[in-house]
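Asks: one predicted model, sequence on top.
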There are 2 protein chains.
Amino acid sequence: MARMSPADRREAIVAATLSVLERRGIAAVTVRDVAAELGVSSGLIHHYYASMDELVAVAFERVARADLAETVAAVAAGSSPLERLRLFFDTYARSDGDEGMQVWLDAWAEAARRPALQRSSRRLNEEWQALLASVIAEGSAAGTMTVADSPGAAAWRVLSLLDGLSLQVVAHGDVLTAEQADLWSRQAAERELGLTPGTLSR
Amino acid sequence: MARMSPADRREAIVAATLSVLERRGIAAVTVRDVAAELGVSSGLIHHYYASMDELVAVAFERVARADLAETVAAVAAGSSPLERLRLFFDTYARSDGDEGMQVWLDAWAEAARRPALQRSSRRLNEEWQALLASVIAEGSAAGTMTVADSPGAAAWRVLSLLDGLSLQVVAHGDVLTAEQADLWSRQAAERELGLTPGTLSR
DNA sequence: GGAGTTGTTGGACGGTTGCGCAATAGGGTC
DNA sequence: GACCCTATTGCGCAACCGTCCAACAACTCC
């Protein structure tokens, strides 16, 4: 394979790992799969990353942060708290394509046994919650949303419902549909934030 | 090893599998580990269970069904739908001891890769939802609860919020406390079912 | 006691895994 | 052009996996 600068090669390896990780899940990513994805020998992977665990941890952080950044950018384009909240649901990226959410399921399950992964997963989850909380806090300050206790608490409830419903979609197939999970969490958010029904759910 | 009756041996194998499963996680359960746990040859495991996927599914089914049965029994002791709903939250057993919920996290993550486990996990999840839905349906019929769409849908939302919040407690430690998860899901249920605040959350 | 049934053993088989290492080849520098 | 550095190769290694199977041993029944 063409010789690359170390920085570019490191980046390419992480990108390839991401692709495998999204397709097969954290547990199933192997050195050989990553190498094959790049059309490169397996030895090269170890030349850049000392262990598989290290590579997987870096890749998870990367993919999760990319999804978050996408939603952050989308939300930022909204001109009001209400519109930003709507955009949040529109671009909630964990469940789209199923693979994204599967990665989160793997991370949550493995977190208790892998400290580095737990830190990544926890930090990113808190950032998702903080993003939602900031939108809710703005809406509350502007008077367009009402909150029972605190924006942070409301954010945890909305996000956790979204996670819990999406989980069923990804883990169990058609027991729930993605559309139902989306609709129900929008309606729950309306109820949670004192919005008139239909504000978020069309 | 001492010869056992088939029924006893099957039981012993499941028990050993559970022990390994809780210690290392579903993904790391291995035929040889289970055999070593029993002090038995690895071939014996396959004499009773055709595949590893089947054994893991049976073991998961066993521990999860025990938790469900406990909650079913507790709920049945309630004399009104409202009291039964309160008892449901009191004995929701997935998260207690953390280990119970950790097994669920493993199951959800592994479901996509193990067909038998997926069937078990899905079936048991649906039974949890059906239990909750039946309590809500009774309350709705009795006029003590109101439901926006259907008891089944309301049950999925309440259960998924409970799962989503408990998930954070188990996967990420003290980002949320078990007490908060419990309180918030009780309050959400009150709102969901048109109950006066404090009915479930004291 | 003998015969048949079956619980149990222990290892073989083909596959996979992460990782290490000598050899090669490509590119920058003088 | 010669030289050195290192990115890259390709394979080998040891360990592990699930599964299978022939042989052994313990028990039941006649």
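Replies: Received the coordinates, thanks.
Asks: residue of chain A closest to DNA strand D, please.
Replies: Sorted by distance to DNA strand D under Cβ to the nearest atom of the strand, the residues of chain A start with A:Gly43, at 2.2 Å. Any C-beta I mention is one placed from the backbone N, CA and C, and that applies to glycine too.
Asks: check which helix or strand covers that residue.
Replies: Here A:Gly43 is covered by helix A:42-48, with elements defined by DSSP states H and E.
Asks: the following helix or strand past that helix and DNA strand C in contact?
Replies: Secondary structure here is assigned by DSSP H and E; on that basis, the next helix or strand after helix A:42-48 toward the C-terminus is helix A:52-76. Yes: contact of helix A:52-76 with DNA strand C (Cβ under 7 Å from any atom of the strand) involves A:Met52, A:Asp53.
Asks: which parts of helix A:52-76 are buried?
Replies: Burial within helix A:52-76, assessed by neighbour count using 16 or more other Cβ atoms under 10 Å in any protein chain shown, is assigned to A:55-64, A:67-68, A:71, A:74-75.
Asks: most widely separated two among those?
Replies: The distance between the two most remote of the buried residues of helix A:52-76 (Cβ to Cβ) is 30.6 Å, for A:Leu55 and A:Val75.
Asks: quick one, strands of chain A?
Replies: Read by DSSP state E, chain A holds no strands at all.
Asks: just the helices in chain A please.
Replies: Secondary structure of chain A by DSSP state H: the helices cover A:6-24, A:31-38, A:42-48, A:52-76, A:81-91, A:99-111, A:115-142, A:151-172, A:178-192.
Asks: what's the closest of the ones you listed to B:Gln180?
Replies: Distances from B:Gln180 to each of the helices of chain A were compared using Cβ to Cβ; the minimum, 7.9 Å, belongs to helix A:151-172.
Asks: give the buried residues for the closest one.
Replies: Within helix A:151-172, the residues that count as buried by 16+ other Cβ under 10 Å are A:151-172.
Asks: what sits up against the lowest-mean-pLDDT helix or strand in chain A?
Replies: When each helix and strand of chain A is scored by mean pLDDT, DSSP states H and E, helix A:99-111 comes last, with a mean of 88. The contact list for helix A:99-111 (Cβ atoms under 8 Å, 6 or more residues apart in numbering or on different chains) reads A:21-23, A:25-27, A:60, A:63-64, A:67, A:93-95, A:117-118, A:120-122, A:163, A:166-167, A:169-171, B:25-27, B:102, B:105-106, B:108-110, B:112, B:167, B:171-172.
Asks: send the alpha carbons of that helix over as PDB?
Replies: What follows is helix A:99-111 as a C-alpha-only set of coordinates in PDB (Å, rounded to 0.1, in the frame of the first residue of the first chain):
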ATOM      1  CA  GLU A  99     -25.600   0.700  13.900                       C
ATOM      2  CA  GLY A 100     -25.100   3.900  15.800                       C
ATOM      3  CA  MET A 101     -27.300   2.700  18.600                       C
ATOM      4  CA  GLN A 102     -25.800  -0.800  18.600                       C
ATOM      5  CA  VAL A 103     -22.400   0.800  19.400                       C
ATOM      6  CA  TRP A 104     -23.900   2.600  22.400                       C
ATOM      7  CA  LEU A 105     -25.500  -0.700  23.600                       C
ATOM      8  CA  ASP A 106     -22.100  -2.300  23.400                       C
ATOM      9  CA  ALA A 107     -20.500   0.600  25.200                       C
ATOM     10  CA  TRP A 108     -23.000   0.600  28.100                       C
ATOM     11  CA  ALA A 109     -22.700  -3.100  28.600                       C
ATOM     12  CA  GLU A 110     -18.900  -3.100  28.500                       C
ATOM     13  CA  ALA A 111     -18.500   0.100  30.600                       C
END
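Asks: worst mean pLDDT among the helices of chain A?
Replies: Ranked by mean pLDDT, those end with helix A:99-111 in last place, scoring a mean of 88.
Asks: that one vs helix A:178-192, what angle?
Replies: With axes from the mean of the first three to the mean of the last three Cα atoms, to 10 degrees as the basis, helix A:99-111 and helix A:178-192 are set at 70 degrees to each other.
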